[in-house]
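J.: Sequence and predicted model, in that order:
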Amino acid sequence: MTSRYGASRADVEALLAEWGEPRYRAEQVWEALYRPVPLEEATALPRALRERLAEALPLELLSVVEATAADGLTTKWLWGAGPDAAQVETVLMRSRDRASVCVSSQAGCAMACSFCATGQAGLERHLTSGEIVEQVIRAAHASPQRVSNVVYMGMGEPLANYDAVWESVERLHGDFGLSARRITISTVGVVPGMRRLATEALPVTLAVSLHAADDDLRTSLVPLNHRYPIADVLDAAAEVAGARGRRVTFEYACIAGVNDGVDQAQALGRLLTAWPGAGGAHVNLIPLNPTAGYGGHATDRNRLRDFAAALAARGVNATVRRTRGVDIDAACGQLRARGAIPGEATGSATMVP
Ligand code: SAH
């Protein structure tokens with residue numbers, strides 16, 4: 001059976017033809033599937049047809065936990081995805097001028113970054129394109145605002161599941177109607193995937209999780225650095241930036257006493273000043289979210305300011321990301337890591353671009 005968001009337009013056309021529906025229905029149904037209103041409420045379609053469709057094209061994500069922060073602006077879901085109920089997380093983050101959905105590209109992750117809750121748990125499986133798209137649509141159904149941005153910064157390494165991720169990008173762009181620049185793919189530095197991304201026609205934004213300016217330290221935080229060291233990652237990032245004026249940002253999780261010294265900021269500044277990407281490098285500084293499997297702490301405010309200033313002195317732009325969703329464990333991998341039990345805050349949070 002085809003799922004609601006795994007179905008292609010041709011699948012929908014074939015299904016409606018089989019049911020003897022008039023030809024114009026296929027277009028109507030396809031549009032209804034990608035509107036921010038659930039199929040059950042798509043009143044342009046006859047009720048009987050809606051019911052038949054809902055049964056023939058089932059949803060794939062079963063809500064296990066849905067939690068909204070006290071301010072009402074952040075909502076997080078833990079889903080059971082597919083027949084195996086693979087655990088997947090999605091976060092909706094709203095502000096006055098945007099609503100971003102943070103999606104997972106895999107259930108779990110094989111990259112094993114030491115400080116990341118998802119990495120500590122390992123890979124369960126890849127998600128299908130339909131499961132990725134459905135996360136956005138389900139969040140859109142729950143959002144009082146139009147979804148303006150999608151970031152692939154939930155569980156998983158998007159470029160390790162390239163085909164499904166790219167198919168979901170095309171669907172979100174072509175059918176859900178997001179501009180490519182408002183779709184951000186975040187990678188730990190899967191160089192072949194980055195080079196492939198540079199050849200794609202849609203100019204999506206790339207985020208590269210750097211976290212360190214020297215290879216020894218980066219390898220200790222991001223094991224994949226052993227295979228694709230910093231120089232190769234920066235080279236591939238420049239290739240993406242050079243292709244159709246795409247934006248590239250660098251993510252840097254700030255860990256007290258590990259990678260947050262002024263000398264380390266200066267080294268990062270040197271590295272990124274020399275980086276040939278068009279428009280220069282932009283750095284997002286993310287205070288570490290503490291996770292159960294890693295002993296590190298977040299850099300404090302003053303030190304973050306010094307770090308950003310040292311980058312600015314070298315002409316590298318940096319933004320300190322706000323933390324959100326503290327009361328609902330909204331950081332990557334955390335609902336799942338807690339065994340799906342929502343409750344007491346752990347002082348961790350998810351990030352807003
Ligand atoms: N695998 C992709 C995308 C998922 S994680 C990647 O690595 O880019 C999205 C971002 O959150 C990455 O920059 C990741 O390094 C960061 N992150 C993961 N765990 C974190 C933590 N505990 N504290 C701060 N940032 C974290």
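T.: Arrived safely.
J.: can you pull out the helices in the stretch 151-300 of the chain?
T.: 162-174, 191-198, 215-221, 230-242, 262-273 (DSSP state H, counting those that start in this stretch).
J.: possible to save these as JSON lines with mean pLDDT?
T.: Compiled in JSON lines, these are given as follows (pLDDT from 0 to 100):
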{"stretch": "helix 162-174", "mean pLDDT": "98"}
{"stretch": "helix 191-198", "mean pLDDT": "97"}
{"stretch": "helix 215-221", "mean pLDDT": "98"}
{"stretch": "helix 230-242", "mean pLDDT": "95"}
{"stretch": "helix 262-273", "mean pLDDT": "96"}
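J.: Which one, of these, ends up nearest to the ligand?
T.: If you check each of the helices of the stretch 151-300 of the chain against the ligand by C-beta to the nearest ligand atom, helix 215-221 wins as the nearest, at 8.5 Å. Backbone N, C-alpha and C define where each C-beta goes, glycine included.
J.: C-alpha coordinates for the closest one, CSV please?
T.: Provided in CSV are the C-alpha atoms of helix 215-221 (Å, rounded to 0.1, in the frame of the first residue of the first chain):
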residue,chain,number,x,y,z
ASP,A,215,41.6,18.0,13.0
ASP,A,216,42.6,16.2,16.3
LEU,A,217,39.9,18.0,18.3
ARG,A,218,37.3,17.7,15.5
THR,A,219,38.0,13.9,15.2
SER,A,220,37.4,13.5,19.0
LEU,A,221,34.0,15.2,18.6
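J.: Tell me the buried residues in it?
T.: 217-219, 221 (16 or more other C-beta atoms under 10 Å).
J.: again, but for stretch 223-239
T.: For stretch 223-239, by 16+ other C-beta under 10 Å, it's 223-225, 228-230, 233-234, 236-239.
J.: With distance to residue 60 added, can I get the helices of the stretch 151-300 of the chain in CSV?
T.: Listed next are these as CSV, based on distance: least, C-beta to C-beta, whole Å:
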stretch, distance to residue 60
helix 162-174, 13
helix 191-198, 24
helix 215-221, 33
helix 230-242, 30
helix 262-273, 40
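J.: can you redo those as TSV with distance to the ligand?
T.: Shown next, in TSV, are these (distance: least, C-beta to the nearest ligand atom, whole Å):
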stretch	distance to the ligand
helix 162-174	11
helix 191-198	11
helix 215-221	8
helix 230-242	11
helix 262-273	15
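J.: and the stretch 1-150 of the chain, which residues reach the ligand?
T.: 111, 113, 115-116 (C-beta under 6 Å from any ligand atom).
J.: Apply 5 Å and report the result again.
T.: Within the stretch 1-150 of the chain, the positions lying close to the ligand (C-beta under 5 Å from any ligand atom) are 115-116.
J.: Do you have the helices of the stretch 1-150 of the chain handy? List them.
T.: 9-18, 24-33, 47-56, 117-121, 129-142.
J.: For residue 66, which of these is the nearest?
T.: In terms of C-beta to C-beta, the element of the helices of the stretch 1-150 of the chain nearest to residue 66 is helix 129-142, at 8.0 Å.
J.: pLDDT of that closest one, averaged?
T.: Summarised as a single mean, pLDDT over helix 129-142 is 98.
J.: swap in stretch 314-325?
T.: Here the average pLDDT along stretch 314-325 is 81.
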